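Visitor: What follows is a predicted protein model with its sequence.
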Amino acid sequence: VGEEIDLCLELHRRLEPGLAVQLSARLEPYNPMFLEDPIRPDNFDAMGEVARKCRIPIATGERIHTSHEFEMLLAREACSYVRVSMGVCGGFTGAKKIAAVAESHHVSLVPHNPLSPVMTNAVLNFAAATDNVAICEYPNPYAASTADHLTVSGVKLRQCDMVDHIPEMKNGYLPVPEENGIGIELVPDLEECFPFRPHKILTRLNLDGSICDQ
């Protein structure tokens, strides 16, 4: 991809601290922007140890919820980028509190956004009102809806089909919405277009069949 593209490497909590440090050293020549969630987020001390031993910045936070948890994480200098998730941290209010905590530690935010165009618009509004946002995650609005992706239903509904419009990306940027609210509306017949369809939850397993916590 050349030198003009920042690489953000998602490790999805799959390593132990020692292996994470070893892998980080191997990846240094490629100068990634950050390593995301190299280990499970349940031990802030361990994440701090990884961050101290790695020369590549660490990004984490999508699996934790409150400003108090982020304060404990940042007090240990355990990350350089906070992956705050507005869907689990208390919406705009919770995210703004976490942003303030991060700013007091000279840490930037990379909002977590794996969901729909509705969340994308919410993140856009949040980013416009927050100084320390570095970049934003952008799920493809033209991809299959989450339900259809998981159920392999054969229905060709896209994420963008659930809303009245989506912001147009130009040169890697999205415009800040100017409409009322978060600047987007659900289509009137949303429940008919996107009916609930149960799907089998596939838990990741280790080679011996035991549950793998990631």
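Guide: Nice, thanks for sending it over. Residues are numbered from 1 along each chain as shown.
Visitor: Which residue ranges of this structure form helices?
Guide: 17-27, 44-53, 67-75, 91-104, 117-128, 146-151, 190-193 (DSSP state H).
Visitor: Any idea how many residues pack against the closest residue to Met72 other than its chain neighbours?
Guide: Spatially, and ignoring its direct neighbours in sequence, Met72 is nearest to Phe44 (5.4 Å; CB to CB, 6 or more residues apart in numbering). C-beta here means a position set from N, CA and C on the backbone, and glycine is covered the same way. By other CB atoms under 10 Å, 19 other residues sit near Phe44.
Visitor: And for Pro38?
Guide: Pro38 sits with 28 neighbouring residues when counted by other CB under 10 Å.
Visitor: and it, what does it touch?
Guide: Pro38 makes contacts with Leu11, Arg13, Leu15, Ala20, Leu23, Ser24, Val50, Cys54, Ile58, as judged by CB atoms under 8 Å, 6 or more residues apart in numbering.
Visitor: which residues touch the fourth one?
Guide: This means Ala20. Going by CB under 8 Å, 6+ apart, Ala20 touches Leu11, Leu35, Pro38, Ile39, Val50, Cys54.
Visitor: quick one: Asn206 and Cys212 touch, right?
Guide: Yes: applying CB atoms under 8 Å, one finds Asn206 in contact with Cys212, separated by 4.9 Å.
Visitor: Determine the residues that are contacts of both of those two.
Guide: Contacts common to Asn206 and Cys212, judged by CB under 8 Å, 6+ apart, are absent.
Visitor: neighbour count winner among these two?
Guide: Neighbours per residue (other CB under 10 Å) separate Asn206 from Cys212, with Cys212 holding more: 12 against 9.
Visitor: I figured the more buried one was touching Arg13, is that so?
Guide: No: with contact defined as CB under 8 Å, Cys212 does not reach Arg13; the gap is 9.7 Å.
Visitor: what residue is smack in the middle of the chain?
Guide: Most central in the chain under CA atoms, centre = their mean is His112, positioned 2.1 Å from the mean C-alpha point.
Visitor: what sits opposite it in the beta ladder?
Guide: His112 has these beta-bridge partners by DSSP bridges: Ser85.
Visitor: quick one: it and Glu137, what's the gap?
Guide: Applying CB to CB, to the nearest Å, one obtains 6 Å for the distance of His112 from Glu137.
Visitor: one step back: residue contacts, the residue nearest to the centre of the chain?
Guide: Contacts of His112 by CB under 8 Å, 6+ apart are Gly61, Glu62, Arg83, Val84, Ser85, Met86, Gly87, Glu137.
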